[in-house]
Structure formats: structure tokens, C-alpha cells
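*Asks:* Need coordinates for the below:
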Amino acid sequence: MLAGGGFLVKQLNKPLPYHGGEHVIEGADGTIEIIRDEYGIPNIYATTDADLFRAQGYIHAQDRFFEMDYRRHMTGGRLSELVGDVEAAKQADTVIRSMGWRKLAEEEWDMISQESRDFYDAYADGVNAYIADRSPGELGLEYTVLSLSVPVADIEPWTGIDSLAWLKAMAWDLKNNIDDETGRVVAYASLGDSARVEELYPAFSTTGHEPILPSVNGTNLEDRDSYPRTGGIPMTNGEGGDGRGLEPAGTGPDSDDDADSSDSNGSNANGASESETDASGAATRKASTGNAAGLQDSEIAITEAVTGAHEALETLPIMLGRGSAVGSNSFIIGGEHTESGMPILSNDPHLTISYPSVWYQVGLHCVKITDNCTYDATGFSFSGMPGLIIGRNSELAWGLTNLGGDVTDLVIEKNTGETTYERDGEDVEYEIRTETINVAGGDSFDIEVRESIHGPIVSDLLIDDTKAADLPDAPGDFSVALEWTALKPGTTGDAIFAINRASNADEVREAAAIFEVPAQNIVFTTADGHFGYQAPGRFPIRPTVTDADGDLLTPQEGNLGADGRWPRPGWDSAYDWQGYYDVEDMPSALDPDEGFIVAANQQVTPSELGPYLGSYSDAGYRSQAIRDEIEADIDSGTLFTVERAEKIMMLDQSPYALELGQQFADVSSDNERVQEAQGILSAWLEDGGHNAINESGAAIMASAYAHLIDNTLAKQIEGFYPSNSSNYLVFFAGLEEDSQWWDNPETEAVETRDDAMNAALVAMDADLSEQMGEDMSEWTWGQIHVETPTHPVMGGDTIPSIVRNYFNGDPLPIPGGPSIPNANGFSPAVDEDGLVDYEVTAGPSMRIVVDMSDLDAATWIISSGSSGHPRSGHVDDQFEMWSKGESLDWAFTREAVDQTARDTMIITGG
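*Replies:* Numbers count the residues shown, from 1 in each chain. Prediction:
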């Protein structure tokens, strides 16, 4: 028995790496030293850049190889080769192969600089040095578990292209606007009125919140109608239109005004008919929600195709996070307002709280700066990628937040034959290729991939012939293509190294010019006291085809396809992207007079200034809460410190309380349970409406809001998917008491706001009573709002509990919530039992604060730990501190690193 137990422990411990002693990477230029602290965080010291990246690859493989290999299989459309005959894996492979992520990475390899290729190759050398003589079971316990059900292949050598391909997954999860685009189509199918649909997506300028750059002060902004100022970057390989400012198909001077709008070519997909509702809001009850306005068969078919495409795209594994909860906070306080007299930078990207963390903390230090050794930087890397994504060097600190905008379009292609589609009146051949997907322990299968000039066809990826035949007029009539900036080969693989070595605003701008996808807000501060903002990214220049395009303030009827809010017609090049904005046109600022910058996913510029980057942005509750806090401290003369910046990131006042809480608390009700809940809610609001883990009012507010969405929007719009989008909060807060949006069409009555809120409170009571018991005095937010560290492969419900429990972590209560600076989001979807799952879906995946007055005056934390091995003490040793808003000291100088040293490893060239 003891022998058997010893064997089991040996097997479980087999993948654990040795962080001390001497190791060899053949071909290393010199001796490399790696010093780890008590949390296993490494700092690498070497004499060449190549050795720094060799060592980074080696230690990533030590601590996170299964994560790296999983990502490699995912980005290559080869998950089925790893996990076997699993339907979700086969679906993901189908979608990724259709988009061609790996093929794009191969193209990008030839576009990046020779220096960058050398760095990626050096990183791969380090990975391969570690994995070369080890079996899969020695690299990750996951392989041992997988081998019980599927054959596990030998580990392939790592390549630089494996690293580049990860950028596509990063870009995919951080694009957001496609959800809004699909949501508009879904809503239109039920409402039949594009103007009413647009009410669900209020313009940022209506929120009362400030954009990132609120004025021209200290910026490069000019009036919007002057863009593109530089003429833009042309699209190549036949992409895009010819720059004509034509009217849309069916309305322009060359069109046939009598064209049959019911033809299944999709030309009326985004049009709208007048809604037949009584203006008073007390209209006769509609019998059903679907096809409320009597849509044409072509419109129904396109709706089905677009939603089918979206469902297919959503089968991709979530790597960084997805949906409205994905964002970030960042802010910089200028030195005139800090205790140290130098700028302070803070950043906390809101991503999936993955296990292990998506981030890996590491320092890359040249022992001496020379022509061959140019790095002295520390920060956050992705396992599988050389360099740092967010961090600092001795001259500059930088942070990233998701810019949002619109870089992804669904394009309706009018099919003219089995292999052709229409383009400006001509038949054009689709590019067609066959991809073979191999399945571990199962049969391989082939998929046919079609691509138009705009991108891959995504409407029929997971739809078999039987389902397609059921779509009205759908077979052979049209297809939906995906146009996305990340599906054009680019040079982001160069940009990572460029920003790691940047030292001033000009060098940040140069790095931003090649940081094409995903589009990120860059905030930075320098050692000589400057601070600034730079918008990078490849953003399309969109044409104005109708008066409706770009008019975000006045929802109106009309085809809105050209500005990216709706799927656009692909057969008319007037709707095409006209090129990309040059970096000189992208918004930037340096040392604005306000004395601070807040970039938290809100709109970048006022609507009348700067280039049009699309309609998508966060509504700005988080950014405004941070801004208000900073302004209050400045007005009071309070000087900022690292500790003060950390507290600002943990702000937890609920905007749902501020916008709707009092209405929920005050609505008249004769239900005693509702009255009791209202009493708790009122007391919570009086105390400020904070989402702390011990607050029952926070739970009541979150639940009532979820059920409000369920009883209104989800009932009026067939196929509506609830989210905690801040746009919906703006929408609800602005509704009149008798708006038709408050109505639940499944009841006989026509509800007003009070009726809807009462119904939501009743549903809340049933929900929370089921989950926490009937005693409301015992309810707390932390009982239901928890984070359970979950392994991406071994953590799901289909995995046997004995395995799942071993690989997953224990849950902890988490404060904060959606649209709050401490942005720990959840899905407000109500299940068939009337319950909401309040578990955290995304949140601050890491936090940093950097005071530029001192290289060691900084703090950092991630949401799990440095290791990916479940038996390691470093797999989750930062999790509890992270959950409480605590941080670790962030050592930069060699002296500070030596003071925290626990393990030292030496690597030589053999």
C-alpha cells in the first residue's frame, strides 16, 4: 500500500521543475543566471538579447509547457489532435482552420524583421532545450491524464511561428464589436425597426462621461471631418473599395429604384420598416416576439445566417476573455500631483481569471547594456511568447487597455453560383481550399474553406445540409464573410520588442505604428517625468454611404452597413474599407494640462474630434469613477502615492445602484418579501452602494438587474443573449416610465417601469432564496460572487470530479462587479430554473502600480501564480492576495532582486 502511494506521488510530482542547479542550452552565448523569489517569479541576467530569450523560453517551458502546447494546438486548429474526439474541440478546429491563424502566422514570419526572427528562434531554442529529453508526462500532468483516454503523441519541437500564432488568439478575444453587430441583427429580427434597435446602443456622448482625451489640450486631435489627414495606409492585394462615395445599393443614382427588395441577395438586410406600435406605449398585445414586423424571407434568412456564424465563432475556446466584461483600467497621475514628484502609472487588464494565469511575471536584464544586449525590463509575458506585453524598463513604464473600436465586420456576400459571388456586377470566384483535421484516437475529417475578397466564409462552418435546407431561401443565395484586421498579415510580432525597449514618446509612437492587432490604448510614463497616451492599431477608414452612417446620436431608418454597426453588403465596393489610418492620425497626448490620463475602455475622443474608430466602446462608468476620484484628490490637494493608486483600482461603488437602485427601492409593492429586500437595498444605498463581499444589498441589486433584463429585453427579442454591457445600463437609466421597453410580451398586461421592477424583485427573491436560503439577513455578495480557479482542459463539468477537483482551485469570495473599477463581472443570464450564476467570468487578471521616482517603487500581482503545475506551491500562491486587493513589491534593480532571492539557476551553452 505504501509502495503504491509512493509510486502515485512520484507520478504526480514528475513534471515539477528544478529551479536551482546548472542547466544547458546548446548554443547559448554565455552564462545565464536566473534568480527566483519566494513566489517563483524569475529575473534573468544574461550578456546577449538572444540568451535572455533563450532563458525565457526555457523557464516558460519549465513552469507552463502544457499551457503553451494547448495554445499551440488551439491557434493551429489542432485541438482534436491533443484532446481527441471532443465535439467542442472539433468545432474550434473547424473555425480556426477556416480563419487560417497558423497560415497567417507563417506569412507574418516573412514580414517581421530579421532581428525579431532571431529573437523568436532563440526563444524556441530555450523551449526545445527543456523539452528535448522529457516525455509528455514529465512536462505536464495533463498529458498523463489524457493518455488514459486518447493516444498522446510525442511533443513537437517549438518554433517561432508557434509564438506568432498566439497573437491571433490574443486579438480574437480582445475584439468586441462583433457581438454588438450580431446583437443588432438579432434584435432587428424581432423588432423590425433599426431605429428602435439603435436605442439599445446609446452613443457614448449621451452617457455624461468623459472620453480618454476630453479635449484638444495636449493632443494631436483635430475636427473629425478632417480625417484621414495623411491619406491613410492603402489596402493591398485587392482589398477594399475604390474610395467612391456612392449611395447604397437600391438608393444611389445608378440603382434601379424598382428593384425587388425581397430578393434573397440581402440588399434589405439592414433596412427597416415602420414599427406598427401605438405611440402611447399601450399598444395591443403582440402574439409573439419573432418576426414582429413581418420581415421578408431574405431578411429572416440573413438573420439566421448571421446568428449561425456568430454561434460558430463563439465555439472558440476563451483564452484571454470575451464579452462585455473584458476591458481594463489604466490611469497616470502627473508628477505635480504625486508625493514623489514623478508620475505614477496603474494598469489592471480585465480578462478571464484563468488558471494558471494568462500572465507570467519575469525580468529580462542585460548584465551590461551593449550593442548585442539591449534589454533591462521587467513585467508580464505570455507563456509561449518572448518579451513583455506590459511592464517597465529603466526609462519607461507602459500599460495597455483594450481600445474597442470596430475592426471586425460581417459581410453579406451574394452568391451567383456554387463557387462564385457578385462583386460590382461581376462574378468572382471564391478561393477554396481543403483542410484535414486529425483527431487523436479518432477518424480525421476534411473541411472545405471558402474565402471572398473580404475574408473567410463563416456562415456555414457548423451548419449541416439538413439545417441549411430549413433556412428560408438560404441555400446557394448568400454567405457571410468575416473581415477582420487580424486576418491581414502584419508586424505586431516586431512591436512587442520595440515597446519593450522604448524610452520616450517618439519611440512609443514608433512601436504603436507596427502594433497592429489587437488595438490597445497605450499609456506610458518616462523617467524624465513625461506621461502620455497613444492609440495604436490598424483601424479601417470607412466610407460614408448614407446619412445614417456614423450618425450615432439619432437612430434612424436606413442601411447602416458602411460604418460597421450592421453587416454590410459585399457586392458593392462602395461599402468597403478604404484603407487604414496612419499612426499620425491615431489619437495621442503628452503631458495634458489636466495632469492625469484615465483610459478604461471608454471612447477615445469626443465624437466631434479625431478619427472615427467605430461605435463600440464601454459606456464609461469605470473610467468616470476613477476620474472623479482623481479630480477630488487634486481639488483637495491630496498628493498621490502607490498605495492611493492601489485603492483607486479597488473602488467598488456600483453604478447599477447609482442609476437604478433608488427606483428598485422606492417602487410600491404589497409583497412582504419584496418590502424586506427594499429595506436592505435602501440601507445599502445610504451607505454608498458598494459591492463588498459582506453586502447583501449588492446581491439584491445584481440579481434584480439580471431579472429586469430577463423580463424585458430577453422577452421582447428572440435569441437575445443577456450581458452586463454598460450600454444596457445607460439604456435602462434613460427610459421613460411608460416606455414599451418595460413590457413583458408573455403576460396579458402591458407593463410600465414599476411593473417591471416589481417583477424583477419577485424573481430576485426566488433566485437568491434558492441559492442562499430564505433568511435575507444572511445573504451576502461574497456567497454567490466567487472565483473558482478552473483548468482550461481538466476543469470542465464533463471531467470526472476526482480529476477536476485535483486540477481546479478552491473558490474565494470576490468583491466588485460589472462596470465597477474593481471589475469582476458575471453573466446575468437567467436559466430555466430562474437562477443566475454570479460566479466571476472576468476581472483584473493582474494589477500594477509604478512610481517613476524609484526603479523599485512599484507593486504587482497576478490572479494565480507563476506555475502551471497543480502540485507546485506556486500554482496559486498569489490568488488570495489578489482577491483581497493586496500586492507584492516589484523588484527591478539587481540589489532588490538579490534581497528577495530564494533559488538561483545557472544556464550555460554546454
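*Asks:* tell me which residues form a beta bridge with residue 524?
*Replies:* Counting by DSSP bridges, residue 524 is bridged to residue 398, residue 532.
*Asks:* Need the pLDDT of it.
*Replies:* We have a pLDDT of 98 for residue 524.
*Asks:* Make 406 the first number, not 1, from now on.
*Replies:* Okay, using 406 as the starting number, the last item reads as residue 929.
*Asks:* Pull the contacting residues for it.
*Replies:* By Cβ atoms under 8 Å, 6 or more residues apart in numbering, the contact list for residue 929 reads 737, 750, 801-804, 907, 910, 913, 936-939. Any C-beta I mention is one placed from the backbone N, CA and C, and that applies to glycine too.
*Asks:* again, but for residue 512
*Replies:* residue 894.
*Asks:* Take the contacts of residue 929 and lay them out in JSON lines including neighbour count and pLDDT.
*Replies:* Converted to JSON lines, the contacts of residue 929 look like this (neighbours: other Cβ atoms under 10 Å; pLDDT from 0 to 100):
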{"residue": "737", "neighbour count": "27", "pLDDT": "98"}
{"residue": "750", "neighbour count": "25", "pLDDT": "98"}
{"residue": "801", "neighbour count": "26", "pLDDT": "98"}
{"residue": "802", "neighbour count": "28", "pLDDT": "98"}
{"residue": "803", "neighbour count": "29", "pLDDT": "98"}
{"residue": "804", "neighbour count": "28", "pLDDT": "97"}
{"residue": "907", "neighbour count": "23", "pLDDT": "97"}
{"residue": "910", "neighbour count": "20", "pLDDT": "96"}
{"residue": "913", "neighbour count": "26", "pLDDT": "96"}
{"residue": "936", "neighbour count": "26", "pLDDT": "98"}
{"residue": "937", "neighbour count": "24", "pLDDT": "98"}
{"residue": "938", "neighbour count": "25", "pLDDT": "98"}
{"residue": "939", "neighbour count": "26", "pLDDT": "97"}
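*Asks:* Now flag whichever of these is closest to residue 1111.
*Replies:* Comparing these against residue 1111 with Cβ to Cβ places residue 804 closest, at 31.5 Å.
*Asks:* And that closest one, how far from residue 1289?
*Replies:* 22 Å (Cβ to Cβ, to the nearest Å).
*Asks:* Make JSON lines out of the contacts of residue 929 and add distance to residue 1039.
*Replies:* JSON lines is the format used below for the contacts of residue 929 (distance: Cβ to Cβ, whole Å):
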{"residue": "737", "distance to residue 1039": "13"}
{"residue": "750", "distance to residue 1039": "17"}
{"residue": "801", "distance to residue 1039": "24"}
{"residue": "802", "distance to residue 1039": "21"}
{"residue": "803", "distance to residue 1039": "23"}
{"residue": "804", "distance to residue 1039": "20"}
{"residue": "907", "distance to residue 1039": "28"}
{"residue": "910", "distance to residue 1039": "23"}
{"residue": "913", "distance to residue 1039": "25"}
{"residue": "936", "distance to residue 1039": "15"}
{"residue": "937", "distance to residue 1039": "19"}
{"residue": "938", "distance to residue 1039": "18"}
{"residue": "939", "distance to residue 1039": "24"}
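*Asks:* any chance you could map the helices in the stretch 756-905 of the chain?
*Replies:* 870-874, 897-905 (DSSP state H, counting those that start in this stretch).
*Asks:* and these, which one is worst for confidence?
*Replies:* Looking at these, the bottom one is helix 870-874 with a mean of 32.
*Asks:* Check the burial of residue 548 by counting its neighbours.
*Replies:* The number of residues packed near residue 548 is 20, by other Cβ atoms under 10 Å.
*Asks:* Counting neighbours, what do you get for the closest residue to it other than its chain neighbours?
*Replies:* By the measure of Cβ to Cβ, 6 or more residues apart in numbering, the closest residue to residue 548 outside its immediate chain neighbours is residue 541, 3.6 Å from it. Counted by other Cβ under 10 Å, the residues lying close to residue 541 total 21.
*Asks:* got the contact list for residue 541?
*Replies:* Contacts of residue 541 (Cβ under 8 Å, 6+ apart): 548-549, 552, 557, 559-560.
*Asks:* Okay, and which of these map to helices?
*Replies:* Applying DSSP state H to the contacts of residue 541, the entries found in helices are 548-549.
*Asks:* Could you dump the contacts of residue 541 into a markdown table with distance to residue 447 and pLDDT added?
*Replies:* A markdown table is the format used below for the contacts of residue 541 (distance: Cβ to Cβ, whole Å; pLDDT from 0 to 100):
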| residue | distance to residue 447 | pLDDT |
| --- | --- | --- |
| 548 | 24 | 93 |
| 549 | 26 | 90 |
| 552 | 30 | 91 |
| 557 | 28 | 94 |
| 559 | 28 | 93 |
| 560 | 22 | 96 |
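*Asks:* Of the contacts of residue 541, grab the buried ones for PyMOL.
*Replies:* Per 16 or more other Cβ atoms under 10 Å, the buried members of those correspond to this PyMOL selection:
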select buried, resi 548+549+557+560
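*Asks:* between the contacts of residue 541, which is closest to residue 1147?
*Replies:* Lowest distance from residue 1147 to the contacts of residue 541 (Cβ to Cβ) belongs to residue 548, with 54.1 Å.
*Asks:* pretty sure that closest one is touching residue 471, no?
*Replies:* Yes. Between residue 548 and residue 471 there is a contact under Cβ atoms under 8 Å: 6.9 Å.
*Asks:* hmm, back to that, would you reformat the contacts of residue 541 as a markdown table and include distance to residue 590?
*Replies:* Below are the contacts of residue 541 laid out as a markdown table (distance: Cβ to Cβ, whole Å):
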| residue | distance to residue 590 |
| --- | --- |
| 548 | 42 |
| 549 | 45 |
| 552 | 44 |
| 557 | 42 |
| 559 | 46 |
| 560 | 43 |
